[in-house]
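[1] sequence and computational prediction follow.
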Amino acid sequence: MRKTIKLGVSTALALTVSSVAVMADIKVAFIDPLSGPFASTGTNGLHQFEFAADYLINQNGGVLGGHNIEIVAFDNKISPKESLIQLQVAIDQGIRFIAQGNSSGVANAITEAVEKAQQAQP
C-alpha cells in the first residue's frame with residue numbers, strides 16, 4: 001500500500017511539474033532606451049508592447065495552446081553597442097524573441113548580430 005501511495009504522489013508531482021513547464025510564458029526581449037534623453041519614447045514603446053501582449057494575447061487565451069507572452073525590458077541607452085550587450089543578456093536568459101522600436105542604428109546592429117547567430121547555429 002505504501003509503495004502505491006509513493007508511486008501515486010510521484011506520478012502526480014511529475015505530471016504537475018511537466019504541465020507547468022509546458023505552459024511556460026513565451027518571453028520577448030524589448031530592447032530600447034529606458035533611461036537617458038529618449039527614456040520617455042522607449043518607455044512608451046514598452047508599455048505599448050506590454051498592453052498588446054496582455055490585452056490582445058494573454059487575456060484571449062495566449063498563443064500556441066495557451067502560452068502567455070511576457071515582455072522583458074532591456075535598456076539600450078539608445079546605443080548600438082549597449083544594444084548588443086543587452087541582446088546577449090537576453091539570449092543568456094533563454095529569450096529567443098527580440099523586439100526593438102527606436103533608432104535605425106540600433107536596429108542594424110541587432111539585425112546583424114541575429115543574422116550572425118543564426119548562421120552559426122542553423
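    Nice, I can see it.

[2] mind giving me the packing neighbours of the host helix or strand of residue 115?
    For residue 115, the host element (DSSP states H and E) is helix 104-120. Where contact means 3 or more C-beta pairs under 8 Å, 6 or more residues apart in numbering; DSSP states H and E, helix 104-120 is packed against strand 26-32, helix 80-92. Every C-beta, even on glycine, is put in place using the N, C-alpha and C of the backbone.

[3] go with 6 Å
    Helix 104-120 sits against helix 80-92, with contacts defined as 3 or more C-beta pairs under 6 Å, 6 or more residues apart in numbering; DSSP states H and E.

[4] list the buried residues in the helix it packs on.
    80, 82-84, 86-87, 90 (16 or more other C-beta atoms under 10 Å).

[5] now swap in stretch 38-50 and tell me
    In stretch 38-50, counting by 16+ other C-beta under 10 Å, buried: 38, 41-43, 45-46, 49-50.

[6] tell me which of those fall in helices.
    41-43, 45-46, 49-50 (DSSP state H).

[7] return the member of the buried residues of helix 80-92 nearest to residue 72.
    Each of the buried residues of helix 80-92 was checked against residue 72 using C-beta to C-beta; the closest is residue 90, at 6.9 Å.

[8] which ones are touching the residue nearest to that closest one when sequence neighbours are not counted?
    Using C-beta to C-beta, 6 or more residues apart in numbering and skipping residues adjacent in sequence, the residue nearest residue 90 is residue 29, 3.7 Å away. By C-beta atoms under 6 Å, 6 or more residues apart in numbering, the contact set of residue 29 is 72, 74, 90, 95, 98.

[9] any idea of the pLDDT on residue 29?
    If you check residue 29, the pLDDT there is 97.

[10] do the same with residue 50
    For residue 50, pLDDT reads 97.

[11] what of residue 8?
    Value listed for residue 8 in the pLDDT field: 46.

[12] ok now do residue 75, which residues does it touch?
    34-35.

[13] for it, list each beta-bridge partner.
    Beta-bridge partners for residue 75, by DSSP bridges, are residue 32.
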